[in-house]
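In: coordinates only, sequence not included:
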């Protein structure tokens, strides 16, 4: 059940990114300006199994462990998410190109693992993803490039099967304590009048890309704190 919910969270996160936030590290950004600390020594390359073990150590605020999902399982989710996005009409049209660049995109030569938790009572779904084995310079610059993309796709309309959703994405400051974290909030107006928000944050710690997400109808109240706590836990495990 929870592994299926991670797919749902991935869809929400990717839609959030596609409709107003982020290129994933699968892009080819300029790699000339990574922080000196990343250049000082080659970062450890974690295996899929090692990343999965890290995920299993992370807990939500109420002490619930995440349901861990292997890199292989995350890779298997990529095509269904792309197929879903291909069915959507996104305006401005230029923003649809970002749909294939979500955090779950397979990156050649990388290792990955993720985890998710669903708080039914609190109305919040949260998750974490690790990616290792990718050049740290590229990761830093991919995250830095998110700012201009978020501005270009700040207000989006997504339509499918005669229904439409309005999405607005803005940067969020002060999420967690990991240096150089980039965070965004996507506010989503659903066709039935309900609203929900998705918070997503990115940071690179010692050559590992960490993505933390929180989504739900109650995310406005607790989403930023949940994402920050997950990000801080995840970064503390990278040594």
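Out: Arrived safely. Model, not experiment: these values are computed from the prediction.
In: For this structure, which segments are assigned as strands?
Out: With DSSP state E as the criterion, the chain has strands at 67-70, 89-91, 111-119, 124-132, 155-160, 163-172, 182-189, 195-205, 208-216.
In: Where is the longest helix in this protein?
Out: Identified as the longest helix of the chain according to DSSP state H is helix 219-237.
In: neighbours around residue 154, how many?
Out: Per other C-beta atoms under 10 Å, the neighbour tally for residue 154 reads 17. Every C-beta, even on glycine, is put in place using the N, C-alpha and C of the backbone.
In: close enough to count as contact, it and residue 171?
Out: No. Residue 154 is not in contact with residue 171 according to C-beta atoms under 8 Å; the separation is 9.7 Å.
In: circling back: now the strands of the chain in TSV, with distance to residue 236, mean neighbour count and mean pLDDT?
Out: Output for the strands of the chain, formatted as TSV (distance: least, C-beta to C-beta, whole Å; neighbours: other C-beta atoms under 10 Å; pLDDT from 0 to 100):
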stretch	distance to residue 236	mean neighbour count	mean pLDDT
strand 67-70	17	21	90
strand 89-91	37	16	86
strand 111-119	15	24	90
strand 124-132	12	27	91
strand 155-160	34	17	86
strand 163-172	21	17	88
strand 182-189	18	22	89
strand 195-205	9	24	90
strand 208-216	11	28	91
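In: So which of these is nearest residue 48?
Out: strand 111-119 (4.8 Å; C-beta to C-beta).
In: now that closest one and helix 219-237, what's the angle there?
Out: 140 degrees (axes from the mean of the first three to the mean of the last three C-alpha atoms, to 10 degrees).
In: residues in contact with strand 111-119?
Out: With contact meaning C-beta atoms under 8 Å, 6 or more residues apart in numbering, strand 111-119 is reached by 2-3, 5-6, 9, 45-48, 50-52, 54-56, 58, 60, 62, 64-71, 74-75, 104, 124-133, 216.
In: how far is that strand from where the chain is centred?
Out: Relative to its chain's centre, strand 111-119 lies at 11 Å (C-alpha atoms, centre = their mean, to the nearest Å).
In: next one: stretch 139-153
Out: Chain-centre distance of stretch 139-153: 13 Å, with C-alpha atoms, centre = their mean.
In: what about residue 179, how many neighbours?
Out: 11.
In: meant to ask about residue 191
Out: By other C-beta under 10 Å, the residues close to residue 191 number 13.
In: Hmm, residue 166 and it touching each other?
Out: No. Counting by C-beta under 8 Å, residue 191 does not reach residue 166; the two are 9.6 Å apart.
In: So for residue 189, what's the nearest residue that isn't a sequence neighbour?
Out: Closest residue in space to residue 189, ignoring its immediate chain neighbours: residue 166 at 4.3 Å, by C-beta to C-beta, 6 or more residues apart in numbering.
In: Is that neighbour in contact with residue 190, as I believe?
Out: No. Under the criterion of C-beta under 8 Å, residue 166 is not in contact with residue 190, lying 9.0 Å apart.
In: any idea how far residue 231 is from residue 51?
Out: Using C-beta to C-beta, to the nearest Å, residue 231 is found at 15 Å from residue 51.
In: actually residue 235, not the one I typed
Out: 13 Å.
In: In terms of packing, which of the two has more residues around it?
Out: Applying other C-beta under 10 Å to residue 235 and residue 51 shows that residue 51 carries more neighbours, namely 26 against 21.
In: For this protein, which residues score under the pLDDT cut-off?
Out: Along the chain, segments meeting pLDDT under 70 span 1-42, 77-81, 97-108, 146.
In: In it, which residue is most central in space?
Out: Centroid check for the chain by C-alpha atoms, centre = their mean gives residue 211 as the closest residue, at 4.5 Å.
In: do you know how far that one is from residue 136?
Out: Distance of residue 211 to residue 136, computed by C-beta to C-beta: 15 Å.
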